[in-house]
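[1] Using only what follows, build the 3D model:
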Amino acid sequence: MTDILPGTSVPDITFKTRVRDESAQGPSPFVWEDLTTNDIFDGKRVVVFALPGAFTPTCTSKQLPGFETHYEFIRYLGVDEVYCLSVNDAFVMHHWVNQRPGPKKVKMIPDGSGKFTEAMGMLVSKDNLGFGKRSWRYAMVVNDKQIEKMFIEPGMMDECLDDPYGDSSPETVIEYLKSVAK
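    The predicted model follows:
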């Protein structure tokens, strides 16, 4: 398992995102926009949960909807924003958000090339499932670019047959946030 200590800085990465731009011509009114770790974390306290892939069963039926359901309460507990990160490109993340019902509050971070995930030490091979390189499932609280708390699912390894879920759930994150609330 990766040892990420509190106080460790998040990696300095630029994410390639797509944002709606009504001035864009054609059937897809979106343009490329860079989103940096400074944009996400600088001067903010945020929750990031990372998962193996958009549209996958646990990610779609439990983790993402759970954070969406608890979004307002997490914010109430002193968090500025909640992000979902996956080693998927911006197009896949966009279509995942637009599924029905899709998240309306949680913001998506496409880590298409896995650079952030790799720098976090959380990139694993899921070739046994035909996924290639993906994120291990985890969540974290980040305060002004410094990791405050990590929640990493047990058994992290390449080619894992299991998909553990619990330690990175919104309920676990909420319990931590409640325990440190002022």
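
[2] Helices of the chain, residue ranges please.
    37-41, 57-58, 64-69, 71-76, 90-97, 115-119, 170-180 (DSSP state H).

[3] averaging pLDDT over each of those, which comes out lowest?
    Least confident of these, judged by mean pLDDT, is helix 57-58 with a mean of 79.

[4] Dump the helices of the chain to CSV, plus mean neighbour count.
    Heads up, the C-betas are built off the backbone N, CA and C, glycines and all. Shown next, in CSV, are the helices of the chain (neighbours: other Cβ atoms under 10 Å):
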stretch, mean neighbour count
helix 37-41, 18
helix 57-58, 12
helix 64-69, 19
helix 71-76, 15
helix 90-97, 18
helix 115-119, 19
helix 170-180, 15
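
[5] Now distance to residue 25 too, for the ones you listed, in JSON lines please.
    Formatted as JSON lines, the helices of the chain follow (distance: least, Cβ to Cβ, whole Å):
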{"stretch": "helix 37-41", "distance to residue 25": "27"}
{"stretch": "helix 57-58", "distance to residue 25": "37"}
{"stretch": "helix 64-69", "distance to residue 25": "32"}
{"stretch": "helix 71-76", "distance to residue 25": "34"}
{"stretch": "helix 90-97", "distance to residue 25": "18"}
{"stretch": "helix 115-119", "distance to residue 25": "31"}
{"stretch": "helix 170-180", "distance to residue 25": "40"}
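
[6] and of these, who's closest to residue 30?
    Nearest to residue 30 among these is helix 90-97 (7.4 Å), distances taken as Cβ to Cβ.

[7] sorry, back to before: tell me which of the helices of the chain sits nearest to residue 155.
    Proximity to residue 155 (Cβ to Cβ) singles out helix 57-58 among those, at 14.1 Å.

[8] Please tell me how far that closest one is from the chain's geometric centre.
    15 Å (Cα atoms, centre = their mean, to the nearest Å).

[9] residues making contact with it?
    Helix 57-58 has contacts (Cβ atoms under 8 Å, 6 or more residues apart in numbering) with 51, 137, 163, 165.

[10] Once you drop chain neighbours, what's closest to the last one?
    Put plainly, it is residue 165. Spatial nearest neighbour of residue 165, chain neighbours left out: residue 58 (5.1 Å); criterion: Cβ to Cβ, 6 or more residues apart in numbering.

[11] Also the third one?
    Spatial nearest neighbour of residue 163, excluding adjacent residues (Cβ to Cβ, 6+ apart): residue 58 at 5.5 Å.

[12] do you know how far the one you found is from residue 164?
    Note on residue 58: its distance to residue 164, by Cβ to Cβ, to the nearest Å, is 9 Å.

[13] swap in residue 95?
    To residue 164, residue 95 is 26 Å away according to Cβ to Cβ.

[14] do the same with residue 41
    According to Cβ to Cβ, residue 41 and residue 164 sit 26 Å apart.
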